[in-house]
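**Student:** Build me a structure from this.
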Amino acid sequence: MLPGPPSGRARHALLEIHVTAITLARPASASIWAAATAVDARRPRSQQTQLGASDTVCQRRAGYVVHRVPRTDTPDTRPAILGTYIHTGLLESARTEYGWLVERLVEDNRIRGHIDVVQLDAATAARLPKRHRPVEPAEVVTVEDVKTKSSMVWDRVLRYGPTPAEMRQVLLYADLLRTVGFADVPGQRYLHRLGPVDVQRIRFRFVCRDNGEEDVQEFAFDPWLAEQARWWVDRVLEAGSPEELTRDHDGPGLAVKNLCDYCPWASACWPGRAPGRPVQTMLVHDDADRAEVLAGYVRDRERIGEATKRQVKRRAMIDDSPEGIYGANKLAWSGGKPKDEVDVEALVDTFENADLTVPMRPDVDRMVKVARLAGVAVPMRTSAGRKTPRSINVTRAPKST
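**Tutor:** Numbers count the residues shown, from 1 in each chain. From the prediction side, this is the model:
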């Protein structure tokens, strides 16, 4: 006679024995990121060899573009690709709904770029065929750049606005439009016939890619700042080699990531580092350098210590304040709630009622795993006198409308 199925107790014992031996078979499939990376590499912007306005984030990196140095690194491009998808979708929606001019090429014999958005004023828009006019003209001709940001840097963006490199990029776009106008290429020749366009305003539209929050910051076009941006480009173009140009960032591999961690020329820019050592060691050449670095290290440590003391005191001063907006900042609290814990006595009773094996010496973590795998609810109770950590969150106050 064939043996029958195991009893409930035996079945659960077997389940407990094999809890850590279960593996999930994953179907063999090509990564969708391989496809996304390949398509991104074929984008015109990825294959562009002329210096672009968006390349002006670092002089040394721009030098590698100008001198057509082969890429030495393959950094993770997934966050940038996701940003591109969001960026493309937003711009296409704006073009469809508002009639904005999006992704328009501007160039001269030194630099080129694709402007995210150009909003024409009424007088300039009237010079275009009716089908190409915006739904609502702008007060003045405005060049806009859309930037997607993560929530990790969002508060910095709200407080301090665009970085110098981001400002330089948009100033170059606006200056090209003011001096040569739209490029004479298929699809925008009707815009090229406008000639130079009198840009009066630049705008940044920041979008948080984690929650969709939007922040718009506008600035009057400044010819002096545009000339500074042009001077920056001239320095890059006049350099005999990339190595003559400065590194504008701190190098890859630091605890706080910077643009060097995503640079396709990072190895060329920081060559010959000792195995297992940070690339930043290349910046120290002799004892004089070491003395200077150590002096700066001590100064930074002292400043951090003093700043931490002040911050701790101010955190204590605000501890009983309610959430709200105070001046330029918004105060919020999280945590400080009663903490739940496993009710061990009730869990033992649950095991007995469910015909599960109760260990001679209760192992709470193990019992919780077995209960969840068996589909049994884990009883919880409020921990006496214990609360979750209370955290402060200070962000920039919303703009008044």
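
**Student:** could you dump stretch 66-74 to CSV, C-alpha only?
**Tutor:** As requested, C-alpha coordinates have been extracted for stretch 66-74 and formatted as CSV (Å, rounded to 0.1, in the frame of the first residue of the first chain):
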residue,chain,number,x,y,z
VAL,A,66,37.2,68.2,-29.0
HIS,A,67,40.2,66.0,-29.5
ARG,A,68,38.1,62.9,-30.2
VAL,A,69,39.8,60.8,-27.6
PRO,A,70,38.3,57.2,-27.6
ARG,A,71,36.2,56.5,-24.5
THR,A,72,38.0,54.5,-21.8
ASP,A,73,35.1,53.7,-19.5
THR,A,74,31.6,52.4,-19.6
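
**Student:** For the protein, just list every one of the helices.
**Tutor:** Shown for the chain, the helices assigned by DSSP state H span residues 8-17, 32-41, 44-47, 59-66, 78-98, 122-125, 151-160, 164-179, 189-192, 223-238, 266-269, 287-317, 344-353, 364-373.

**Student:** Tabulate those helices in TSV, adding columns for mean pLDDT.
**Tutor:** Output for those, formatted as TSV (pLDDT from 0 to 100):
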stretch	mean pLDDT
helix 8-17	48
helix 32-41	87
helix 44-47	69
helix 59-66	95
helix 78-98	91
helix 122-125	96
helix 151-160	91
helix 164-179	96
helix 189-192	95
helix 223-238	96
helix 266-269	94
helix 287-317	96
helix 344-353	78
helix 364-373	81
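
**Student:** got a markdown table for the ones you listed, with distance to N393 too?
**Tutor:** No exception for glycine: its C-beta is placed from N, CA and C like everyone else's. Output for the helices of the chain, formatted as a markdown table (distance: least, Cβ to Cβ, whole Å):
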| stretch | distance to N393 |
| --- | --- |
| helix 8-17 | 42 |
| helix 32-41 | 33 |
| helix 44-47 | 37 |
| helix 59-66 | 35 |
| helix 78-98 | 24 |
| helix 122-125 | 44 |
| helix 151-160 | 9 |
| helix 164-179 | 26 |
| helix 189-192 | 46 |
| helix 223-238 | 35 |
| helix 266-269 | 34 |
| helix 287-317 | 12 |
| helix 344-353 | 34 |
| helix 364-373 | 31 |
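
**Student:** With distance to G251 and mean neighbour count added, can I get these in TSV?
**Tutor:** Formatted as TSV, the entries for those read as follows, by distance: least, Cβ to Cβ, whole Å; neighbours: other Cβ atoms under 10 Å:
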stretch	distance to G251	mean neighbour count
helix 8-17	51	14
helix 32-41	25	12
helix 44-47	24	10
helix 59-66	11	22
helix 78-98	20	14
helix 122-125	45	16
helix 151-160	19	14
helix 164-179	17	22
helix 189-192	42	16
helix 223-238	19	15
helix 266-269	8	20
helix 287-317	14	10
helix 344-353	51	15
helix 364-373	42	15
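
**Student:** between those, which one is nearest to N211?
**Tutor:** helix 151-160 (6.5 Å; Cβ to Cβ).

**Student:** orientation of that closest one relative to helix 164-179 in degrees?
**Tutor:** For the pair helix 151-160 and helix 164-179, the angle between their directions (axes from the mean of the first three to the mean of the last three Cα atoms, to 10 degrees) equals 60 degrees.

**Student:** next one: phi and psi at D355?
**Tutor:** As for D355, its main-chain torsions (degrees, to the nearest 10) stand at phi 60, psi 30.

**Student:** Distance of it relative to A346?
**Tutor:** Taken as Cβ to Cβ, to the nearest Å, the spacing of D355 relative to A346 amounts to 16 Å.

**Student:** repeat for R133
**Tutor:** Distance from R133 to A346, counting by Cβ to Cβ: 71 Å.

**Student:** ditto for T395
**Tutor:** Distance, T395 to A346, by Cβ to Cβ: 41 Å.

**Student:** and what of P275?
**Tutor:** Taking Cβ to Cβ as the measure, P275 and A346 are separated by 56 Å.
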